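> sequence below, structure please.
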Amino acid sequence: MGHLDHATFGWLTPVLSYVMACIGAALGLRCTVRALGSTGRARRNWLLTAASAIGTGIWTMHFVAMLGFSVSGTDIRYDVPLTIFSLLVAVVVVSAGVFAVGYSRDRGRALLLGGLTTGLGVASMHYLGMAAVRLHGDVRYDPMLVGLSVLIAVVAATAALWAALNIRSPVAVTVASLVMGAAVSSMHYTGMFAVSVRVTPSGTPLPGATAMQFIFPLAVGLGSYLFLTSAFVALSPTAGEREASASAQRPVTGVAR
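Take a look at the predicted model:
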């Protein structure tokens, strides 16, 4: 059995991956709050931004953490198309959950269905990402830990959607984002602890790209997207600020006598 190291670079990748998960969660929550205070095209656009932020944050968290993953006795490569597909899955399933709570009139039912769909989608993203791993050997999973990781994903997704519906203040959003980041990280590492590898030494070159050739540049690009979008959201006026500005610009129609 190959020895698995989940933190080859020490605490750097676990901490950085947690930060990315928190940023994606915070941005997604703030965008959802803006969406619920908007109508028409503005609501749709805010929900799309929220879904892309949460999905991108989760995916970036996963693969930043994977930068620290190594197995003794074998190199590791990644299947590029499958890795990109896992990113699309993350964004699409989060979009389904976010739009469900953003437009449904029965918020309770939408929360349950959206949480289940999104949680299963997040778990699918994780295991699709693991399926993209190429190494000399066989990868096996502990079914109990896999099931626990899926359960954590569903609970975390449901909690995220609940927070999007019920939390408004910046302080509460920050706290919720820290909790959600911890939940997403817990799901990832629970899934990783389910992994065991039986290494088969071989001199045959592995197909795919190394983490530094592909995962690192893509993670940096997506991380930059999250930071830039965060700045845009922070600088965009809220619905209350827009209303106050519009009220201040209305002409006075009456004259005191």
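> how far is stretch 59-73 from where the chain is centred?
Average the C-alpha atoms of stretch 59-73, do the same for its chain, and the two points are 16 Å apart (CA atoms, centre = their mean, to the nearest Å).
> please disregard the earlier target; I meant stretch 97-109.
Distance of stretch 97-109 from its chain centroid, counting by CA atoms, centre = their mean, is 19 Å.
> helices of this protein, start to end?
Secondary structure of the chain (DSSP state H): helices located at 12-36, 40-66, 80-103, 107-131, 143-166, 170-193, 216-235, 239-249.
> same for the longest one, what does it pack against?
Spelled out, that is helix 40-66. Using 3 or more CB pairs under 8 Å, 6 or more residues apart in numbering; DSSP states H and E, the elements in contact with helix 40-66 are helix 12-36, helix 80-103, helix 107-131, helix 170-193, helix 216-235. Just so you know, the C-beta spots here come from the backbone N, C-alpha and C atoms, and that holds for glycine as well.
> quick one: it to helix 80-103, angle?
140 degrees (axes from the mean of the first three to the mean of the last three CA atoms, to 10 degrees).
> which stretches of the stretch 151-257 of the chain have low pLDDT?
Along the stretch 151-257 of the chain, the model assigns pLDDT under 70 to residues 234-257.
> that older thread, out of the helices of the chain, nearest to Gly208?
Of all the helices of the chain, it is helix 80-103 that lies closest to Gly208, at 6.5 Å by CB to CB.
> Leu206 and His136 touch, don't they?
Yes. Judged on CB atoms under 8 Å, Leu206 makes contact with His136 at a distance of 7.0 Å.
> what is in contact with those two at once?
Jointly contacting Leu206 and His136 under the rule CB atoms under 8 Å, 6 or more residues apart in numbering are Asp75.
> related to what we said a few turns ago, mind checking the helices and strands packed on helix 40-66 for the one nearest to Val64?
Closest approach to Val64 among the helices and strands packed on helix 40-66 (CB to CB): helix 12-36, 4.1 Å.
> make JSON lines from the helices and strands packed on helix 40-66 and add mean neighbour count and distance to Ala51 to it.
Formatted as JSON lines, the helices and strands packed on helix 40-66 follow (neighbours: other CB atoms under 10 Å; distance: least, CB to CB, whole Å):
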{"stretch": "helix 12-36", "mean neighbour count": "23", "distance to Ala51": "7"}
{"stretch": "helix 80-103", "mean neighbour count": "20", "distance to Ala51": "4"}
{"stretch": "helix 107-131", "mean neighbour count": "20", "distance to Ala51": "9"}
{"stretch": "helix 170-193", "mean neighbour count": "19", "distance to Ala51": "15"}
{"stretch": "helix 216-235", "mean neighbour count": "15", "distance to Ala51": "12"}
